[in-house]
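[1] predicted model and sequence below, questions to follow.
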Amino acid sequence: MYDIIVIGAGPAGMTAALYARRAGKKVLLLEKEYPGGQIVNSPLVENYPALPNVSGAEFAEKLQQQIADLGVEIEYREAETLEKKDGFFTVNGSEALQAKTVILATGVSHRGLGLPGEEELVGLGISYCAVCDGAFYRGRDAAVIGGGDTALQDAIYLSALCRTVYVIHRRESFRAASVLVEKAGQKGNIVFKTPCIPREYLSDDNGVTGLVLENAKNGSRETLNVDGIFLAVGLAPQNDFARSLVSLSEQGYLMASDDVVTEVPGLFAAGDCRVKKVRQLTTAVGDGAMAATAACEYLDER
């Protein structure tokens with residue numbers, strides 16, 4: 001029986017485990033893949049206070065070592081279902097694990113295009129975060145793929161850094177708010193490419209060199225010479241295993257208040273997996289600290 005089981009070893013989950021263990025709780029951290037989550041794909045993190053010029057992988061490695069030194073137990077297994085009975089939680093997987101409280105920090109996975117070489121080029125020209133990586137392409141040409149609010153917001157942000165920003169969408173009209181489309185259209189260095197479908201990444205030993213597009217109307221193809229490609233085609237929250245216990249939004253995010261408390265007593269949500277406006281490294285670790293503090297208070301009150 002653990003005091004707290006944290007599911008997900010991204011920055012939010014590891015920070016939650018750190019705070020909970022420092023509070024003297026018996027903590028188990030579960031991760032189905034590898035520590036760090038999405039941050040390990042960032043070659044350089046420059047917007048974390050007091051830690052400039054650290055790679056995402058290095059940040060995750062140091063945080064993992066920090067919690068291991070404190071005595072946090074880490075197991076690599078998948079949580080298949082989550083249930084609560086008689087006041088205790090059971091995480092089912094290869095074996096059943098019990099806890100008095102649970103912190104869900106399962107994160108999200110970015111949806112890609114599924115083109116050949118995509119995974120290998122993440123961090124070498126392909127990025128899922130314009131705010132994180134946009135500065136690497138200052139004065140260079142970049143492409144944003146997607147038609148929603150995130151894609152247009154990314155393009156507007158990048159337009160202040162890049163020489164040219166191509167916005168590529170498979171349909172003629174964007175799903176984004178009209179005010180964002182209008183604002184992007186007013187930028188002299190944003191070029192809309194619609195209706196166009198990305199068909200091939202071009203690269204050399206140093207990373208991305210271009211992108212092949214196919215016109216969705218006539219099938220013609222063109223090549224864009226770009227150094228950076230930002231994918232904004234959606235996120236997939238990793239919360240299905242908890243669906244029977246806690247409410248999820250239409251998009252699959254955990255319904256938790258800004259103080260990371262869910263509708264289920266003793267169950268807390270931290271990081272990108274919950275409904276929130278800003279998904280950054282700083283907000284993830286903030287959520288982790290809040291969730292651990294709330295879980296410890298819940299335990300201490302009982």
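    Ah, there it is. Owing to the predicted nature of the structure, the values given are computational and were not obtained by experimental measurement. Numbering: from 1, shown residues only.
[2] who's in contact with stretch 294-302?
    Stretch 294-302 is contacted from outside by 3-4, 16, 19-20, 23, 25, 100-101, 103, 259-261, 265-266, 268, using C-beta atoms under 8 Å, 6 or more residues apart in numbering. Using the backbone N, CA and C atoms, a C-beta is placed for each residue, glycine as well.
[3] 10 Å instead?
    Residues outside stretch 294-302 that contact it (C-beta atoms under 10 Å, 6 or more residues apart in numbering): 3-6, 16, 19-20, 22-25, 27, 87, 99-103, 259-261, 265-268, 270.
[4] which of those residues fall within strands?
    Those of the contacts of stretch 294-302 mapping onto strands are 3, 4, 5, 6, 27, 99, 100, 101, 102, 103, 267, 268, per DSSP state E.
[5] farthest-apart pair in those residues, please.
    Comparing every pair within the ones in strands among the contacts of stretch 294-302 by C-beta to C-beta identifies 27 and 267 as the most remote, at 15.5 Å.
[6] between those two, who's got more neighbours?
    residue 27 (28 against 24; other C-beta atoms under 10 Å).
[7] so where do the helices sit in the stretch 101-250 of the chain?
    118-121, 130-133, 149-159, 178-185 (DSSP state H, counting those that start in this stretch).
[8] for the longest one, name the packing helices and strands.
    If I follow you right, that is helix 149-159. helix 130-133, strand 141-145, strand 164-168, helix 178-185, strand 190-193, strand 228-231 (3 or more C-beta pairs under 10 Å, 6 or more residues apart in numbering; DSSP states H and E).
[9] repeat the analysis, applying 7 Å as the threshold.
    Secondary-structure packing of helix 149-159 (3 or more C-beta pairs under 7 Å, 6 or more residues apart in numbering; DSSP states H and E): helix 130-133, strand 141-145, strand 164-168, helix 178-185.
[10] any chance of those in a markdown table, plus mean neighbour count and distance to residue 254?
    As requested, the helices and strands packed on helix 149-159 are exported to a markdown table (neighbours: other C-beta atoms under 10 Å; distance: least, C-beta to C-beta, whole Å):
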| stretch | mean neighbour count | distance to residue 254 |
| --- | --- | --- |
| helix 130-133 | 22 | 23 |
| strand 141-145 | 26 | 27 |
| strand 164-168 | 24 | 31 |
| helix 178-185 | 15 | 26 |
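[11] can you add mean pLDDT and give the ones you listed back as a markdown table?
    Formatted as a markdown table, the helices and strands packed on helix 149-159 follow (pLDDT from 0 to 100):
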| stretch | mean pLDDT |
| --- | --- |
| helix 130-133 | 85 |
| strand 141-145 | 98 |
| strand 164-168 | 98 |
| helix 178-185 | 94 |
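[12] would CSV of the ones you listed with distance to residue 227 be doable?
    Output for the helices and strands packed on helix 149-159, formatted as CSV (distance: least, C-beta to C-beta, whole Å):
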stretch, distance to residue 227
helix 130-133, 11
strand 141-145, 6
strand 164-168, 11
helix 178-185, 20
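[13] between these, which one is closest to residue 276.
    Of all the helices and strands packed on helix 149-159, helix 130-133 sits nearest to residue 276, with 14.9 Å by C-beta to C-beta.
[14] tell me what the closest one is packed against?
    helix 149-159.
[15] ok, residues contacting the helix it packs on?
    For helix 149-159, contacts defined as C-beta atoms under 7 Å, 6 or more residues apart in numbering pick out 130-131, 134, 142, 144, 165, 167, 174, 176-177, 180-181, 183-184, 187, 189-190, 230, 232.
[16] could you rerun that using 8 Å?
    130-131, 134, 137, 142, 144-146, 165, 167, 169, 174-177, 180-181, 183-184, 187, 189-190, 230, 232-233.
[17] likewise stretch 124-134?
    Under C-beta under 8 Å, 6+ apart, the answer for stretch 124-134 is 38, 41-45, 47, 110, 118, 122, 142, 144, 153-154, 157-158, 161-162, 201, 203, 206-209, 227-232, 280.
[18] again, only this time at 7 Å
    Looking at stretch 124-134 with C-beta under 7 Å, 6+ apart, the contacting residues turn out to be 42, 45, 110, 118, 154, 157-158, 161, 203, 207-208, 227-231.
[19] of all those, which comes closest to residue 251?
    Distances from residue 251 to these, taken by C-beta to C-beta, are shortest for residue 110, at 13.7 Å.
[20] I'd guessed that closest one sits against residue 235; true?
    Yes - using C-beta atoms under 7 Å, residue 110 is in contact with residue 235, at 6.0 Å.
[21] looking at the two, which is more packed in?
    Neighbours were counted for residue 110 and for residue 235 using other C-beta under 10 Å; residue 235 has more, 20 against 16.
[22] please name the nearest non-neighbouring residue to the more buried one.
    Closest residue to residue 235 apart from its sequence neighbours, by C-beta to C-beta, 6 or more residues apart in numbering: residue 108 at 4.3 Å.
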